[in-house]
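**Student:** Predicted coordinates and the sequence they were generated for:
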Amino acid sequence: MSEFKGFFRIQIRKEALKFSSAHMTVFADGTKENLHGHNYRTVVKLEFERFSLAEMLPFADLKAEMRKICAEWDEKVLLPAECPLLKLSSAANDASVDFELCGKRYVLPKDEVVFLPVDNVTTETLAKLFAERMAAALSRSALERAKVRSLEATVEEMLGQGASYVVAL
């Protein structure tokens, strides 16, 4: 037995685990950025105490969930459903989303918009949503069996610029 205490960290980062989306960051003074897009990259890291055959988490399960989230957000306009400055005008059955944000009116095809449960769409909030979705998707028994201590998701809007969120498990 080793005299050193430590833990394991695995990382999933693949070129295919990305999404291209548009957004507008809103600021506290009621202004916002112009609608623009990024080619986001994602990384997921898990920390765990033990490593044995019986306790392994398959990489395939992690990558499948990452692909699912990326596919949902890919080629979409991401809007903050909980933003107090967002005013929706369209009915639920409309083919388009008609809204106002910071005094500007937009009309977009409904199938090209994703409303996220956040008050602002930033790399920080995207990282938090990504991490929480990943943690929720992994079965509690698998997380406990592998003694997973934390799950960290990083969303980069460009290489080297992004945010991470860590879910303690």
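**Tutor:** The structure has been received and is ready for your questions.

**Student:** Can you classify Glu156 as helix, strand or coil?
**Tutor:** Put simply, Glu156 is strand when judged by DSSP: H, G, I helix; E, B strand; the rest coil.

**Student:** State the distance from the closest residue in space to it that isn't next to it in sequence to Leu46.
**Tutor:** Of all residues not flanking Glu156 in the chain, Gly162 sits nearest, at 3.2 Å (C-beta to C-beta, 6 or more residues apart in numbering). Every C-beta, even on glycine, is put in place using the N, C-alpha and C of the backbone. For Gly162, the distance to Leu46 (C-beta to C-beta, to the nearest Å) stands at 18 Å.

**Student:** what about the two, which has more around it?
**Tutor:** Using other C-beta atoms under 10 Å as the criterion, Gly162 and Leu46 rank with Leu46 on top: 23 against 19.

**Student:** quick one on the thing from earlier: and the pLDDT for the residue nearest to Glu156?
**Tutor:** Model confidence at Gly162, given as pLDDT, is 98.

**Student:** can you pull the contacts of Trp73?
**Tutor:** By C-beta atoms under 8 Å, 6 or more residues apart in numbering, the contact list for Trp73 reads Phe19, Ser21, Tyr40, Val114, Leu126.

**Student:** Quick check: which ranges of this structure have low pLDDT?
**Tutor:** 1, 51-55, 90-92 (pLDDT under 70).

**Student:** all strands for it, in order.
**Tutor:** For the chain, strands defined by DSSP state E occupy the ranges 8-12, 18-23, 36-48, 76-80, 86-88, 96-101, 104-109, 113-116, 148-158, 161-168.
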